[in-house]
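> no sequence on this one, just coordinates:
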Ligand SMILES: NC(=O)c1ccc[n+]([C@@H]2O[C@H](COP(=O)([O-])OP(=O)(O)OC[C@H]3O[C@@H](n4cnc5c(N)ncnc54)[C@H](OP(=O)(O)O)[C@@H]3O)[C@@H](O)[C@H]2O)c1
């Protein structure tokens with residue numbers, strides 16, 4: 001391996017990934033595995049084996065741990081269980097997320113609570129529990145680091161969106177949480193960054209893609225001239241998980257076909 005390949009290599013490392021069953025999280029999990037990492041997949045249940053099988057076919061290990069990001073009790077036992085099994089987590093990727101759309105004046109409280117729990121509180125809980133574990137490890141990763149946290153934010157970390165106030169609030173929170181954790185942990189060898197995807201063609205955006213007027217309006221504003229695809233996130237996640245980004249922390253990296261520059 002030449003030195004640039006070494007900078008991006010995740011060989012010998014283990015990543016804990018939420019949201020890896022499909023969409024952006026699946027592509028990111030496979031990218032981490034392609035870069036050499038073994039993957040611990042956090043799923044609601046083990047019925048979806050697609051990502052696990054794809055990781056194994058790359059020659060990496062994949063283990064499914066079941067937990068529901070919408071359930072604080074379920075999350076509270078997740079990291080202790082993983083650590084009791086002997087895993088050492090060096091990368092945390094928080095990609096699980098949900099969307100709920102209603103006009104703000106009639107937004108149901110239950111949907112507000114659900115979105116804030118999955119998109120923000122679960123991210124905090126896993127950052128806290130995995131961060132504590134990373135801090136307790138010797139700084140033996142390449143570059144004398146202890147770990148890397150990558151959260152998935154959104155363009156709605158910066159913008160308000162339309163009929164998605166809970167999502168915008170949660171993703172604004174993810175960006176601020178990322179910076180807050182970076183301030184405490186960057187000096188201890190743990191980088192904390194976020195990736196803010198633009199408009200990506202996944203199930204989460206089915207309602208937008210099925211609305212011809214909104215879909216056309218969105219497309220017209222993307223300088224790259226196309227919606228994003230899950231594969232567009234492979235490079236960014238490997239960069240932020242690896243030694244290549246060792247001096248990058250507290251950053252929210254937009255991967256949006258140029259949207260935010262417009
Ligand atoms: N698509 C976009 O344009 C876009 C833009 C900006 C940000 N993002 C963010 O990118 C991330 C991935 O989005 P995506 O478009 O790939 O979404 P997606 O295709 O809808 O996938 C969502 C993922 O989250 C998991 N998940 C949701 N609720 C869960 C729960 N309670 N417990 C465990 N897992 C749960 C899903 O698991 P199941 O398969 O079990 O449902 C799935 O793996 C999200 O954080 C999203 O907010 C997306």
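That came through, no problem. From a predicted model like this one, the values you see are computed outputs, not experimental measurements.

> what does the chain put close to the ligand?
Contact residues, the chain versus the ligand (CB under 6 Å from any ligand atom): 19, 21-25, 44, 68-70, 95-98, 118, 152, 154, 197, 199-200, 202-205. In this view, the C-beta of every residue, glycine as well, is placed from N, C-alpha and C.

> whichever of the residues you listed end up buried, select them in ChimeraX.
To isolate the buried members of the residues of the chain next to the ligand in ChimeraX, using 16 or more other CB atoms under 10 Å:
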select :19,21,23,24,25,68,69,70,95,96,97,98,118,152,154,197,199,200,202,204,205
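
> so which of the residues of the chain next to the ligand sit within strands?
Judged by DSSP state E, the residues of the chain next to the ligand include 152, 197 as members of strands.

> out of the residues of the chain next to the ligand, which sit inside helices?
When DSSP state H is applied, these are split such that 23-25 fall in helices.

> could you pull out the buried residues of stretch 83-97?
83, 87, 89-97.

> name the nearest residue to residue 257, sequence neighbours excluded.
What sits nearest to residue 257 in space, not counting adjacent residues and going by CB to CB, 6 or more residues apart in numbering, is residue 224, at 3.1 Å.

> so what's the residue count around that neighbour?
13 (other CB atoms under 10 Å).

> how far does the top helix by length along the chain sit from its chain's centre?
The helix that spans the most residues within the chain, counting by DSSP H, is helix 165-185. Distance, stretch centre to chain centre, for helix 165-185: 12 Å (CA atoms, centre = their mean, to the nearest Å).

> and that helix, what other elements does it pack with?
In this structure, helix 165-185 makes packing contacts with helix 109-116, helix 122-135, strand 147-152, strand 190-197, judged by 3 or more CB pairs under 8 Å, 6 or more residues apart in numbering; DSSP states H and E.

> give me the angle between it and helix 109-116.
If you take axes from the mean of the first three to the mean of the last three CA atoms, to 10 degrees, helix 165-185 sits at 30 degrees to helix 109-116.

> buried set for helix 165-185?
For helix 165-185, burial by neighbour count (16+ other CB under 10 Å) applies to 165-175, 177-178, 181-182, 185.
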